[in-house]
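Visitor: predicted model and sequence below, questions to follow.
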Amino acid sequence: MATQIFVNLPVKDLEKTKAFFSAMGFSFNEQFTDEKAACLIIGENIFAMLLMEDFFRSFIKKDIADASKFAEVINAFSVETKERVNELVDKALAAGAVAYSEPQDYGWMYSRAFQDLDGHLWEVVFTDMSAFPATEG
């Protein structure tokens with residue numbers, strides 16, 4: 001089984017991208033950060049490698065999707081509380097993100113989504129499994 005996940009995302013301006021995620025309260029693993037890439041720490045074993053587009057191209061044989069026009073993935077991660085969802089997304093919006101959809105509140109699950117500076121989609125989710133609806137059967 002995998003022990004860590006590294007999501008690789010192309011970015012146009014690494015310094016602006018680092019400032020954006022720093023404004024949300026995230027930090028970077030400096031060991032894997034230089035002028036071409038930054039290792040965003042999302043969780044204990046969850047990272048996003050933010051790669052300058054030219055560097056990203058060195059790993060692929062396809063064109064880079066224009067994330068401002070096409071959805072290539074939704075990067076979703078969970079947090080401890082509904083309030084933390086709102087705090088992170090509000091910080092993202094204040095740092096230049098765009099709200100991607102209306103908040104989704106199912107009682108047991110709450111989420112909000114935003115589009116980052118490069119158009120990548122992010123969803124922040126809180127799930128209360130103790131309130132998960134019982135299934136009949």
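Guide: That came through, no problem.

Visitor: so residue 119 makes contact with residue 68?
Guide: Yes - with contacts defined as C-beta atoms under 8 Å, residue 119 counts as touching residue 68 at a distance of 3.6 Å. Bear in mind the C-beta positions are built from the backbone N, C-alpha and C, glycine included.

Visitor: residue 113: neighbour count?
Guide: Each residue near residue 113 was counted by other C-beta atoms under 10 Å, and the total is 22.

Visitor: so what does it have for phi and psi?
Guide: Backbone torsions for residue 113, taken as degrees, to the nearest 10, come to phi -130, psi 150.

Visitor: so which of residue 119 and residue 68 has more stuff around it?
Guide: Looking at residue 119 and residue 68 with other C-beta under 10 Å, you find the greater number of neighbours at residue 119, namely 17 against 12.

Visitor: that one: what secondary structure?
Guide: Three-state secondary structure (criterion: DSSP: H, G, I helix; E, B strand; the rest coil) places residue 119 in coil.

Visitor: alright, that wraps it up for me.
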